[in-house]
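Student: The following comprises the amino acid sequence and a computationally predicted model.
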Amino acid sequence: MSIPLEDLPETLEYVKLNNYFNVAGMAVMLVDYLHTLQEEERFIWPAKLSIANVLLLLVRYGNFVLAVTTSFYTFDSNLSLTTCHKLSIGVAMQRVLLLALGEAVMYLRVWAFSGEGRRALYILAAVYTTVVTLGVVLVVVWDKSATVVAVSQLPGFSCMYVRAEKVSLSIILMQVVMLASILCLVIATIAIGISRYRNQVIPSRRMGGLLLQFYQGGVLHFIALLGLSVGNLLSENTAINLQVQLHGIIVTRIVLQMRKFSAKNGFVNYRRTDGVGLAVAERRTDNLTSIGFASASHVKSGTQVASWGMELDAVGKYDR
C-alpha cells in the first residue's frame, strides 16, 4: 500500500523528526551506560539473583534491543511490507514491555516504602495489572488500525505507518495511561510518607536527611517520569523511543543510587542476599526500625532490610 500524496509531506516530516529522536535516545543511552557500567559491575553483578536485579537488567539491556530493532526497522532498505508490519508490532510490544518492567521497579519501591503490607501490595498490584493490560490492549488496537508501508527507496524511511485518527487516539491513550500510573505513584508516595512517618520522631540528623532525601530522590524521580509523558504527549508522540529509554535510565539510576548509598554507609553486603533479594545487614541498624525502614531479621546479630533488593534506608542521601 502506498501513502496518499496529500499525506506524504506530513508523514515524511513526522518520520524524519522521529528518526532524530531515536538517534538522540541511542546516544544518551550509550553515554549513560558507559557512565554507570562500573557501578553495575560493583553493585549488581556480585549480588545474588533477585527480583530487583532481574528487572533492572531486563530494562537496562532491553533498551539496547529496542534500539537495534528500531534501527533495523528504520534504515534497512530491503524490507518487504510484511516484514515492516511484523517489525512495527515488535517495536510497539518492546516499548510496552520495557515500560511495564520499569514501572514494576517503581511499584515495588512504593510498596517497600509502605512497609510491605498486604493491603498495599493488593492495591498496587491491581493498579499495575490494569496499567499493563490497558497498554497491551492499546497496542492491539494500534496494530489493527495502523497502515504500515514500505518505502525502500528513501534512506531512513524503510518502514513507516500512516497516522490516522484512530491510530493517534490509541497512542495518546497509552500516554494518558502512563500519566495516570505515574501520578498514582506520586500521590501514593506522598500519602505514605505523610500517614506513616508524620508522627515518628526522627532519631538523628542522619535519618532526618534520609527522609528528606527520599522526597528529593523519590518523588522527584516520579515527577521526572511524569514530565517525560507530558512532553511526549504535547509533541504528538514523536519521541516514544526516547521516552522509553530515558524511563529505563531513570529506573536504573534509582536502583544504583540505592545500592551505592547502602554500600557506602555499611548497611548491606550484596553478596549475602536471600532468594528474593532481601539484603542481610552487615551491622546493626536498630535506629532504622523506629521509622519502619528495617524489620527484625532471623539473623541474630543484625537486621534484614525488607525491600526486594532495593534497600529502604537507601532512599536517602545519595553521593554527589
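Tutor: Great, that's in hand.

Student: Going along the chain, name the helices of the stretch 101-250 of the chain.
Tutor: 118-145, 165-197, 205-214, 220-234, 240-264 (DSSP state H, counting those that start in this stretch).

Student: Pull out the buried positions in the last one.
Tutor: Of the residues in helix 240-264, those buried by neighbour count under the rule 16 or more other C-beta atoms under 10 Å are 240-263. Quick note: C-beta positions are derived from backbone N, CA and C, even for glycine.

Student: helices and strands of the chain: which one bottoms out on pLDDT?
Tutor: strand 295-296 (a mean of 30; mean pLDDT, DSSP states H and E).

Student: and the helices of the stretch 101-250 of the chain, which is most packed in?
Tutor: The highest average neighbour count among the helices of the stretch 101-250 of the chain, using mean count of other C-beta atoms under 10 Å, belongs to helix 240-264 at a mean of 23.

Student: and that one, what does it pack onto?
Tutor: With contacts taken as 3 or more C-beta pairs under 8 Å, 6 or more residues apart in numbering; DSSP states H and E, helix 240-264 sits against helix 8-43, helix 51-75, helix 81-113, helix 220-234, strand 268-273.

Student: what angle separates it from helix 81-113?
Tutor: 30 degrees (axes from the mean of the first three to the mean of the last three C-alpha atoms, to 10 degrees).

Student: Now do helix 240-264 against helix 8-43, angle only.
Tutor: 10 degrees.

Student: Output the below-cut-off pLDDT ranges for this protein.
Tutor: 1-11, 76-77, 145-158, 160-168, 196-220, 235-238, 261-320 (pLDDT under 70).

Student: Apply 50 and report the result again.
Tutor: Along the chain, segments meeting pLDDT under 50 span 1, 201-210, 213, 268-320.

Student: Could you list the residues in contact with stretch 174-184?
Tutor: The contact list for stretch 174-184 (C-beta atoms under 8 Å, 6 or more residues apart in numbering) reads 96, 99, 103, 106, 127-128, 131, 134-135, 138-139, 222, 225-226, 229-230, 232-233, 237.

Student: Wait, Val105 touches Leu256, no?
Tutor: No: under the criterion of C-beta atoms under 8 Å, Val105 makes no contact with Leu256, lying 11.6 Å away.

Student: okay if I get the helices and strands packed on helix 240-264 as CSV plus distance to Val186?
Tutor: Listed next are these as CSV, based on distance: least, C-beta to C-beta, whole Å:
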stretch, distance to Val186
helix 8-43, 23
helix 51-75, 20
helix 81-113, 10
helix 220-234, 5
strand 268-273, 27
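
Student: nearest to Ala188, of the ones you listed?
Tutor: When the helices and strands packed on helix 240-264 are compared for distance to Ala188 using C-beta to C-beta, the nearest one is helix 81-113, at 5.4 Å.

Student: Next one: the residue lying closest to Val255 once chain neighbours are set aside from Ala24, what distance?
Tutor: Take Val255 and drop its neighbours on the chain: the residue closest to it by C-beta to C-beta, 6 or more residues apart in numbering is Leu56, 5.1 Å away. Counting by C-beta to C-beta, to the nearest Å, the separation of Leu56 from Ala24 is 23 Å.

Student: quick revisit: how close does the residue nearest to Val255 sit to Ala180?
Tutor: 24 Å.

Student: And Tyr61, by the same measure?
Tutor: Applying C-beta to C-beta to Tyr61 and Ala180 gives a distance of 28 Å.

Student: do Leu169 as well
Tutor: 16 Å.

Student: Thr189 too?
Tutor: Distance, Thr189 to Ala180, using C-beta to C-beta: 15 Å.
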